[in-house]
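below are the sequence and a predicted model; questions follow.
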Amino acid sequence: MSETAVLFLSIFAAIVPTVLYVGVIYWVDRYEKEPWWLLAAAFFWGAVPGILIAFFFNTLLSAPLLLILGNELGMAAAPSLIGPPVEESIKGLALVAIFIFWRSEIDSPLDGIIYGAIVGMGFAMVENVFYFVDTYSQGGIEAWGANVVLRAVVFGLNHALFSSFAGLGIAAARLTTNRNLKLVLPVLGWATAVFLHFLHNFTVTLGDFFIFVALLFDWGGVFLVLVIILGTVLQERRWLRQYLAEEVALGTLTANQFLRASSGRQRTAYLIKTFVEHGYRANRQAARFFLQCSHLAYTKHHWKLFQDDRSAQVIATLRQEIAALAAQLR
């Protein structure tokens, strides 16, 4: 097989599972989808600048290790000692940027998990291409196939898992009223990401048997994140029911609109019905209405925590927009 064919096949093998995983990650954000352009920017950071910067620093910082331990032992140790802190720090820069410049988009712990996972998926996709091509050049098509299964399927969520904890730490810091925790939580999230990354790299370098140990820890971590996601989704639903119920009394929403906006199933059913009966434009208006209802509930929760003027202004603006959108619903 030609080098070009191997490259294209490797790109395809990396992209397909990434699309599936990103679709699932996007789907779990039921009540307030993050802006597509910010998700795309996070993915791009992981896929292009993140990979290039990580390659540079991994190479640079591995050089002293190779000199001290020798080439063979140094090459075995570098993925565990150098890779995790370097790669999680570089992926984390995107999350820090979101926190600094677009912090209003972080409304709940789930948002941090999603942004972290998306950055991780971008990083993993491009990294996998390099590994696939290299594996084929060293071991042929059978080794290539085994590597694709391991990296893209069995361990396909690893980078998303690692950086989701960094994102969770940043989101938790955004939502806490404790000043000390605002500093501690991002560091704790980053340290968790580095530790899980180290644990995976270290176990897989020990031999085939320890792959099962890596599986235990990696999928245990994925299960833990899923539990956290479930908890945050239920929390978001409680916020919707609590804060939007107040809007019925204020006249912003009708009782039926409140019931639809505070239920994921009713939202979905209404959006499908609107699209079938009234077309794409009406469907998008309804989707916008539900999105702004979520924004209103989350902003009211933020105002309850911090009593800040900006949140009060946003609440007033959202009420006006929701009232206008509600009048157009069919």
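On my side now, so go ahead.

what number of residues lie near the closest residue in space to Gln285 that isn't next to it in sequence?
Residue nearest to Gln285 in three dimensions, not counting chain neighbours: Gln328, with 5.5 Å by Cβ to Cβ, 6 or more residues apart in numbering. The way it works is simple: take the backbone N, C-alpha and C, and place the C-beta from them, glycine included. Neighbour count of Gln328, defined by other Cβ atoms under 10 Å: 12.

now Gln328: how far from Leu253?
Relative to Leu253, Gln328 is positioned 14 Å away (Cβ to Cβ, to the nearest Å).

quick one: low-confidence parts of the chain?
Applying pLDDT under 70 to the chain flags the ranges 330.

how does it divide into domains?
3-205, 235-328 (automatic domain parsing).

need those in JSON lines with distance to Val227, can you?
Converted to JSON lines, the domains of the chain look like this (distance: least, Cβ to Cβ, whole Å):
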{"stretch": "domain 3-205", "distance to Val227": "11"}
{"stretch": "domain 235-328", "distance to Val227": "13"}
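
what's the closest of those to Leu226?
Of all the domains of the chain, domain 3-205 sits nearest to Leu226, with 8.7 Å by Cβ to Cβ.

and that closest one, how far from the chain's centre?
Mean-position distance between domain 3-205 and its chain equals 10 Å (Cα atoms, centre = their mean, to the nearest Å).

and what of stretch 212-227?
In terms of Cα atoms, centre = their mean, the centre of stretch 212-227 is found 16 Å from the chain centre.

contact partners of that stretch?
113, 154-155, 157-158, 161, 164-165, 196, 199-200, 203-204 (Cβ atoms under 8 Å, 6 or more residues apart in numbering).

put together CSV for these, with neighbour count and distance to Asp29 on each row.
What follows is the contacts of stretch 212-227, written out as CSV (neighbours: other Cβ atoms under 10 Å; distance: Cβ to Cβ, whole Å):
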residue, neighbour count, distance to Asp29
Ile113, 26, 9
Val154, 15, 25
Phe155, 20, 24
Leu157, 23, 16
Asn158, 21, 21
Leu161, 27, 17
Ser164, 31, 13
Phe165, 29, 17
Leu196, 23, 22
Leu199, 18, 28
His200, 25, 26
Thr203, 20, 31
Val204, 19, 31
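
okay, and which of those map to helices?
Taking DSSP state H as the definition of helices, those contribute 113, 158, 161, 164-165, 196, 199-200, 203-204.

on that earlier part again, go through the domains of the chain and pick out the most buried.
Mean neighbour count (mean count of other Cβ atoms under 10 Å) peaks for domain 3-205 among the domains of the chain, with a mean of 19.

distance between the ends of it?
Domain 3-205 has an end-to-end distance of 27 Å (criterion: Cα to Cα, to the nearest Å).

could we number from 57 for the rest of this?
With 57 as the first residue, the last one maps to domain 59-261.

mind listing the helices for this protein?
59-84, 92-103, 105-125, 127-137, 139-157, 165-204, 214-231, 235-260, 267-306, 311-317, 320-334, 336-362, 365-384.

give me the residues contacting stretch 315-330.
So stretch 315-330 is contacted by 86-87, 293, 296-297, 300-301, 309, 338-339, 342-343, 345-346, 349-350, 386 (Cβ under 8 Å, 6+ apart).

repeat that with 6 Å
Outside stretch 315-330, the residues within contact range by Cβ atoms under 6 Å, 6 or more residues apart in numbering are 86, 296-297, 300, 338-339, 342, 346, 349.

can you check stretch 218-235 too?
Counting by Cβ under 6 Å, 6+ apart, 147-148, 151, 155, 159, 162, 165, 167-169, 171-173, 175-176, 238, 241-242, 244-246, 248-249, 252-253, 281, 361 sit against stretch 218-235.

and if we set it to 7 Å?
144, 147-148, 151, 155, 159, 162, 164-165, 167-169, 171-173, 175-176, 237-238, 241-242, 244-246, 248-249, 252-253, 281, 284, 361-362 (Cβ atoms under 7 Å, 6 or more residues apart in numbering).

can you check stretch 340-359 too?
Outside of stretch 340-359, the residues within contact range by Cβ under 7 Å, 6+ apart are 87-89, 163-164, 295-296, 299-300, 317, 323, 326-327, 330, 367-368, 370-371, 374-375, 377-378, 381-382, 384-385.

let's see 8 Å
Counting by Cβ under 8 Å, 6+ apart, 87-89, 163-164, 231, 292, 295-296, 298-300, 302-303, 308-309, 313, 316-317, 323, 326-327, 330, 364, 367-368, 370-371, 374-375, 377-378, 381-382, 384-385 sit against stretch 340-359.

having no further points to raise, I will conclude here.
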